[in-house]
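[1] no sequence on this one, just coordinates:
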């Protein structure tokens, strides 16, 4: 939120309306009016905020404060619930006072919990609780009935967490989290209220504050400057899950995956912000800056020892985030490996020119063709999508022409075709996917699978079959809505929503317990539309039974799920990558079975099921 809007909020006239206790803020009312109008006109549901939306938003608001159900008491929630059908009315009127009241109560209870936790940790290095009874995910559990019941839950939590972390460090983290919460202004609480209401439409419809909007745009362009690391919240603190090999932190040699981030000095001048309790988006903002600027991090290592690491920010537009390739020598001949982490739009290259995923993939495929590879493994694991236009262009590099994807939206049903694409790869193709391949990252393998152009291996993809648009809000400069406006469909007519893409050859080493899209709150339901006429590009699918049998017979699919969870996905370190090894084995088998046949321009005009008979 910029200074002009902050001043406007402070100066807005507050008047009573809609009965006692309801406050209307003119700036909030203007923002809410635009948000409601955009949602009703643009979201695929065409649903205006009502009591159903209100009840969902009520749940969201509580979960944004206390997702583990161990801070609020049951009486607090019961009192809040008296207004659960009124949040849509409050919102439309520009009355955000309910959200502020919830947050005030949360802070009051959080002070109580922090005091109890720090006192317990001061009395004993291992509080007297049974760690085996602690439920990390308490989202389905009832809120504690009173303070004694809540304290009992906290004792089991403390007993569990002190197994892995010193009591003094844990105590400090709780104090930091409380301080971070108390420093959040009313503007941030107001933004949470907007997000609580907007995000109940579906899992991908979001409100972006001015700060969040700018960071999202930078990320899409791969233009963030930082330290080259990813992290996740774990036990109330930030834990590094991945270090980009050529990034500043990795090159320092002083930070490892699994280390905890304690504090950040954005200018490297010793003025530290402790990160416990800091929202992820605010933490990203602390890291972002100009290339060459210093930044200091206080790190807690696995042995409990801490140190301050100072590095200089670098532009993160390295090969780890862009398309890359290499050749692999096998008994079946030279094979090509192509990795694409995302479908990025434009990214500044080292010489200052613009690049995109489709341009980079074309270049990498030409390198592989020049190297005379006999087949290509296309690795789309963890590719969460991005530019649909680039995805269609990349499909064209394998099939040449024809429909690439179907979608519905404001314009009705639309078929996006490959337009004038030149085939850059005419060898057998295996596409490797995971449970984190989403959106365009599953549309590409779906089309290559449906046209018989590729064999798909891995785990079922996430099942994100919806299209989003970013709408900048006129009522709030810099803010935007990400709205689900349409749906994606395979060229055979079925949506990728919920069901995702089923691999032709499942790899047990990639099997995930995560449910994917259906595990997210309020997912858009699966449906299907009529199929579209298309010609199969090749017949790689006819080899699937034999490939599956050969893969099952190999003992090369050791479970690496634990490794992935512990270390994160790192393309630069493949020594224990059972999925990659087995996918290369599958590709080698496919090359052998295909016996060197070049890809035809187009083959069968009918699907074997007869579904497309007469549609030529």
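    Yep, that arrived. Computed from a predicted structure; not experimentally measured.
[2] and residue 405, that one's in a helix?
    No: counting by DSSP: H, G, I helix; E, B strand; the rest coil, residue 405 falls outside a helix, being strand.
[3] now do the same contact list for it.
    388, 391-392, 395, 415-416, 443, 446-447, 488-491 (C-beta atoms under 8 Å, 6 or more residues apart in numbering). The C-beta positions use only the backbone N, C-alpha and C, and glycine is treated the same way.
[4] and if you look at residue 282?
    residue 211.
[5] now whichever strand or helix holds it, how far from the centre of its chain.
    Assessed by DSSP states H and E, residue 282 sits inside helix 280-287. With C-alpha atoms, centre = their mean, to the nearest Å as the basis, helix 280-287 stands 16 Å off its chain's centre.
[6] next secondary structure element downstream of it?
    Next element after helix 280-287 (DSSP H and E): strand 294-300.
[7] about what we covered before: for the contacts of residue 405, pick the one with the most neighbours.
    In terms of neighbour count, residue 443 stands highest of the contacts of residue 405 at 31 neighbours, by other C-beta atoms under 10 Å.
[8] gap between that one and residue 552?
    28 Å (C-beta to C-beta, to the nearest Å).
[9] now do the strands in the stretch 101-250 of the chain.
    206-208, 225-226, 229-234, 237-243 (DSSP state E, counting those that start in this stretch).
[10] packing partners for the strand or helix carrying residue 394?
    Residue 394 is part of helix 388-399 when elements are defined by DSSP H and E. In terms of contacts (3 or more C-beta pairs under 8 Å, 6 or more residues apart in numbering; DSSP states H and E), helix 388-399 is packed against helix 357-370, strand 402-409, strand 412-418, helix 440-450.
[11] any residues touching that helix, and which ones?
    In contact with helix 388-399 (C-beta under 8 Å, 6+ apart) are residues 340, 343-345, 356-358, 361-362, 365, 385, 404-405, 416-425, 429, 440, 443-444, 447-448, 451, 453-454, 467, 537.
[12] tell me which residue is most central in the chain.
    Residue closest to the average C-alpha location in the chain (C-alpha atoms, centre = their mean): residue 384, at 6.8 Å.
[13] next, the angle helix 440-450 makes with the helix or strand harbouring residue 552.
    Taking DSSP H and E as the definition, residue 552 sits inside helix 544-553. Between helix 544-553 and helix 440-450, the angle comes out at 120 degrees (axes from the mean of the first three to the mean of the last three C-alpha atoms, to 10 degrees).
[14] now do helix 544-553: distance to the chain's middle.
    That offset, for helix 544-553, works out to 32 Å (C-alpha atoms, centre = their mean).
[15] what does stretch 174-188 give?
    25 Å.
[16] one more: stretch 279-298?
    20 Å.
[17] same check, this time on stretch 502-515
    Distance, centroid of stretch 502-515 to centroid of chain: 19 Å (C-alpha atoms, centre = their mean).
[18] ends of it, what's the gap?
    13 Å (C-alpha to C-alpha, to the nearest Å).
[19] buried residues, that stretch. List them.
    Neighbour-count burial for stretch 502-515 flags 503, 504, 505, 506, 507, 508, 509, 510 (criterion: 16 or more other C-beta atoms under 10 Å).
[20] who touches it?
    381, 433-436, 449, 455-460, 541, 544, 547-548, 551, 557-561, 578-579, 582-583, 586.
[21] before we move on, back to that, what is the nearest of the contacts of residue 405 to residue 84?
    residue 488 (33.7 Å; C-beta to C-beta).
[22] give me phi/psi at the closest one?
    Residue 488 has phi and psi values of phi -100, psi 150 when expressed as degrees, to the nearest 10.
[23] cool, and residue 494?
    Torsion angles, degrees, to the nearest 10, at residue 494: phi -80, psi 140.
[24] surely it and residue 528 touch.
    Yes: counting by C-beta atoms under 8 Å, residue 528 is a contact partner of residue 494 at 4.6 Å.
[25] those two - which one has more neighbours?
    residue 494 (18 against 14).
[26] ok, the more buried one - contacts?
    526, 528.
[27] related to what we said a few turns ago, just the ones of the contacts of stretch 502-515 in helices?
    449, 544, 547, 548, 551, 561, 578, 579, 582, 583, 586 (DSSP state H).
[28] quick one: the helix or strand containing residue 59 to chain centroid distance?
    Assigned by DSSP H and E, residue 59 falls within helix 51-66. Computed by C-alpha atoms, centre = their mean, the chain-centroid distance of helix 51-66 equals 21 Å.
[29] just stretch 540-554 next, same as before
    32 Å.
[30] and what of stretch 119-130?
    36 Å.
[31] measure that stretch end to end?
    End-to-end distance for stretch 119-130, by C-alpha to C-alpha: 18 Å.
[32] tell me which residues of that stretch come out buried.
    120, 121, 127, 129.
[33] next: stretch 512-531.
    Quick answer for stretch 512-531 (16+ other C-beta under 10 Å): 516, 517, 523, 524, 526, 531.
[34] likewise stretch 179-196?
    Going by 16+ other C-beta under 10 Å, stretch 179-196 has these buried residues: 180, 181, 184, 189, 190, 191, 192, 193, 194, 195, 196.
[35] mind listing what the nearest residue to residue 171 once chain neighbours are set aside touches?
    What sits nearest to residue 171 in space, not counting adjacent residues and going by C-beta to C-beta, 6 or more residues apart in numbering, is residue 121, at 4.3 Å. By C-beta under 8 Å, 6+ apart, the contact list for residue 121 reads 127, 158, 162, 167, 168, 170, 171.
[36] strands - which of the buried residues of stretch 502-515 land there?
    Applying DSSP state E to the buried residues of stretch 502-515, the entries found in strands are 505, 506.
[37] okay if I get the buried residues of stretch 502-515 as CSV plus distance to residue 58?
    Formatted as CSV, the buried residues of stretch 502-515 follow (distance: C-beta to C-beta, whole Å):
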residue, distance to residue 58
503, 40
504, 44
505, 45
506, 40
507, 42
508, 41
509, 42
510, 38
